[in-house]
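Engineer: Task: produce atomic coordinates for the following.
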Amino acid sequence: QVQLVESGGGLVQAGGSLRLSCAASGRTFSSYAMGWFRQAPGKEREFAAAISRSGGRTSYADSMKGRFTISRDNNKNTVYLQMNSLKPEDTAVYYCTAGSAYGRTAFDNYDYWGQGTRVTVSS
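Structural biologist: Have a look, this model is predicted:
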């Protein structure tokens, strides 16, 4: 089992950047593929990015390609989401998640979730 705690959210102006972090407990962090999802007010939770166990493979939702970068440090049990060129439509609660298979985009493919961190992008 793994527990996930996100941090790094906040208020930023359009065009700005934020880096989200997700700290995982337990000794098996490197055995999990990791992902980030987000949920905007009144909308369904959507896939943002995923990274394989080793960090060698990454994938992104189309709207985030070229702006967001997912990475992980298995020595620190942490996964990151660097978000650049933020837009008001990126406003959402961002969730870190862990699962057994890399690259899944459906939220029910993941086993563990953090509590979320809120990102607000002002215009």
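
Engineer: Which element, helix or strand, includes the residue nearest to the spatial centre of the chain?
Structural biologist: The residue lying closest to the centre of the chain (C-alpha atoms, centre = their mean) is W36, at 2.5 Å. Take DSSP states H and E as the rule and W36 turns out to sit in strand 33-39.

Engineer: tell me what that strand is packed against?
Structural biologist: The contact analysis (3 or more C-beta pairs under 8 Å, 6 or more residues apart in numbering; DSSP states H and E) places strand 33-39 against strand 18-24, strand 46-51, strand 68-73, strand 78-83, strand 92-99. Glycine gets a C-beta too; all of them are placed from N, C-alpha and C.

Engineer: Same list, the ones you listed, but as a markdown table with mean pLDDT and mean neighbour count please.
Structural biologist: Formatted as a markdown table, the helices and strands packed on strand 33-39 follow (pLDDT from 0 to 100; neighbours: other C-beta atoms under 10 Å):
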| stretch | mean pLDDT | mean neighbour count |
| --- | --- | --- |
| strand 18-24 | 98 | 20 |
| strand 46-51 | 97 | 23 |
| strand 68-73 | 98 | 18 |
| strand 78-83 | 98 | 23 |
| strand 92-99 | 97 | 23 |
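
Engineer: Next, format those strands as CSV and append distance to L4.
Structural biologist: Listed next are these as CSV, based on distance: least, C-beta to C-beta, whole Å:
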stretch, distance to L4
strand 18-24, 5
strand 46-51, 14
strand 68-73, 12
strand 78-83, 9
strand 92-99, 5
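
Engineer: how about these, which one is nearest Q3?
Structural biologist: Closest approach to Q3 among the helices and strands packed on strand 33-39 is made by strand 18-24 (7.0 Å; C-beta to C-beta).

Engineer: Keeping just the C-alphas, turn that closest one into PDB.
Structural biologist: Taking Å, rounded to 0.1, in the frame of the first residue of the first chain, the C-alpha atoms of strand 18-24 are listed here in PDB:
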ATOM      1  CA  LEU A  18       4.000  25.900 -10.900                       C
ATOM      2  CA  ARG A  19       5.600  22.700  -9.800                       C
ATOM      3  CA  LEU A  20       3.500  20.100  -8.100                       C
ATOM      4  CA  SER A  21       5.100  17.500  -5.900                       C
ATOM      5  CA  CYS A  22       3.700  14.200  -4.700                       C
ATOM      6  CA  ALA A  23       5.400  12.400  -1.800                       C
ATOM      7  CA  ALA A  24       4.700   8.700  -1.400                       C
END
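
Engineer: With that, I have no additional questions.
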